[in-house]
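In: sequence unavailable; structure follows:
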């Protein structure tokens, strides 16, 4: 998916797991008090199955941050789920 988005001229940032995604989000235009160094971010594509912190837990934390005022606006999140065995030929 990353390569497809880059081919479409999208700027892509990749987090390896939910905890990394939260650390990155704190540096973006969604975070409060980031100032001129804030990284522009339009949308989050969140994998539901990640190590360390899964996507649903990560999104819950993002929504809690929104409620607490840690983020300046709602973060649009699209959940992504991929299971290789669904796409493999059983033969």
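Out: The structure has been received and is ready for your questions. Since the model is a prediction, treat every value here as computed from it, not as a measurement. Numbers count the residues shown, from 1 in each chain.
In: and the closest residue to residue 2 other than its chain neighbours, how many neighbours?
Out: With CB to CB, 6 or more residues apart in numbering as the criterion, residue 2 has its nearest non-adjacent residue at 5.3 Å, and that residue is residue 12. Heads up, the C-betas are built off the backbone N, CA and C, glycines and all. Counted with other CB atoms under 10 Å, the neighbours of residue 12 add up to 12.
In: same question for residue 66.
Out: Neighbours around residue 66, by other CB under 10 Å: 15.
In: Provide a list of residues in contact with it.
Out: 73, 74, 75 (CB atoms under 8 Å, 6 or more residues apart in numbering).
In: out of those, who has the most neighbours?
Out: The most neighbours of any of the contacts of residue 66, using other CB under 10 Å, belong to residue 75, which has 20 neighbours.
In: helix, strand, or coil at that residue?
Out: State at residue 75, reduced to three classes by DSSP: H, G, I helix; E, B strand; the rest coil: coil.
In: what about it, distance to residue 7?
Out: Distance from residue 75 to residue 7, counting by CB to CB, to the nearest Å: 25 Å.
In: per-residue pLDDT of the closest residue to residue 44 other than its chain neighbours, please?
Out: Using CB to CB, 6+ apart and skipping the chain neighbours, the partner closest in space to residue 44 is residue 77 (4.6 Å). Per-residue confidence at residue 77 stands at 91 (pLDDT).
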